[in-house]
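Undergrad: show me how the following folds:
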Amino acid sequence: MSIVFWVIVIGGFALTLFILSKTSKKKKANLLEKQKEETNNYDRYMSRFDDPSVLSKLDTQLCSVAGTRYANDDTGENRQDILKDSKVGDLLMLLPDELNRYDDAAIKVVRLNGKQIGFLDMDISVEIKSRLMSGSPVEARIKRLLKKGSVIEAEIELQRYSRKIKK
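TA: Numbers count the residues shown, from 1 in each chain. Presented below is the predicted three-dimensional model:
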C-alpha cells in the first residue's frame, strides 16, 4: 500500500510539473507573439513619416495625457485599466482624431496594442497634428505614471524632429 501511495504522489507531482511547463511555454509564446505584433504596428505607424535617422532631433517635450479617467468611445474599455497594464518607457502612437466633437486638433495617444490611453494635451495638439499631417515624425513614450488617489495619470515624452536634413 505504501508503494502505491508513493507512486500516486510522485505521478501527481510529475503531472503537475508537466502541466505547468506547458502553460509557461504557451504564455511565453503568446508574449513573444504580442511583442512581435506591437513591433510591427510601430514600424507600420512610423513608415508614414519621414525617416528620423536623416533628420535633426529637437529638444524633447514633456506633456500630460488628457482624458485618462474616461472609457474609450469605440470599445468602452476603461483607460485606467489600460494604464494599469502600461509601463514607463512604452512606445506610443499619436493619431489625429478627425471625428472628435470637442477639439478639431485632437490627437489620440494609443499604445502599440491599439488601445487608447487618452488625448494629447490641447496646448500642444495643434503643433503636433501639423507635424504629423506633414509627414514629420513625432515619437512618444511614457515618461511617468503617476498615481493620484485611485487615478493613474500619464506623462509622456515627445521627440520632435527638424524638417531640415542632417548634414
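
Undergrad: tell me the mean pLDDT for the helix or strand harbouring Gly118?
TA: If you go by DSSP states H and E, Gly118 is part of strand 116-120. For strand 116-120, the mean pLDDT works out to 97.

Undergrad: for that strand, which strands pair with it and how are they oriented?
TA: The strands beside strand 116-120 in its sheet (DSSP bridges) come out as strand 61-66 (antiparallel), strand 107-111 (antiparallel).

Undergrad: ok, and which of the ones you listed has the densest surroundings?
TA: Mean neighbour count (mean count of other Cβ atoms under 10 Å) peaks for strand 107-111 among these, with a mean of 22. Backbone N, C-alpha and C define where each C-beta goes, glycine included.

Undergrad: can you list phi and psi of Lys57 for me?
TA: Torsion angles at Lys57 (phi, psi; degrees, to the nearest 10) stand at phi -80, psi 140.

Undergrad: go ahead and confirm it touches Gln159.
TA: Yes - at 6.4 Å, Lys57 counts as touching Gln159 under the criterion of Cβ atoms under 8 Å.

Undergrad: okay, these two: which has more neighbours?
TA: Gln159 (15 against 12; other Cβ atoms under 10 Å).

Undergrad: tell me which element the more buried one is part of?
TA: strand 151-165.
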